[in-house]
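Engineer: please find the sequence and the predicted model below.
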Amino acid sequence: MEAAVAVFAEKGYPRGRVSDIAKEAGISYGQVYNYFKNKEHILFLLFRERWQRFIDYIEKTRSREIPHP
């Protein structure tokens, strides 16, 4: 997943290829397909994972007690 982030950040989603992600991750092209269906699946999982991190952060922040002056 981190390799996909690096590739998409450098080349953009349209130009980033699965082979670029594999190379960045240090694995073979075919191994990528052991974990992901296709490039769109990688992007979907990235969004889902990062969105969940954001929600978790918001929930953690909301649960903190805010001191009153």
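Structural biologist: Structure's in. What do you need?

Engineer: next, count neighbours for M1.
Structural biologist: By the measure other Cβ atoms under 10 Å, the count of residues near M1 is 14. For every residue, glycine as well, the C-beta is placed using N, CA and C.

Engineer: could you report the neighbour count for the residue lying closest to it once chain neighbours are set aside?
Structural biologist: Using Cβ to Cβ, 6 or more residues apart in numbering and skipping the chain neighbours, the partner closest in space to M1 is L46 (6.2 Å). Applying other Cβ under 10 Å, we find 16 residues neighbouring L46.

Engineer: surely K11 touches D20?
Structural biologist: Yes: with contacts counted by Cβ atoms under 8 Å, K11 reaches D20, the gap being 6.6 Å.

Engineer: neighbour-wise, which of the two wins?
Structural biologist: Between K11 and D20, D20 has the larger neighbour count (other Cβ under 10 Å), namely 19 against 12.

Engineer: name the SS class of that one, please.
Structural biologist: helix (DSSP: H, G, I helix; E, B strand; the rest coil).

Engineer: so which residue is dead centre in this structure?
Structural biologist: In the chain, the residue lying closest to the centroid (Cα atoms, centre = their mean) is L46, at 3.0 Å.

Engineer: hey, which helix is longest across this protein?
Structural biologist: The longest helix of the chain (DSSP state H) is helix 39-63.

Engineer: give me the mean pLDDT for that one.
Structural biologist: On average, the pLDDT along helix 39-63 is 92.
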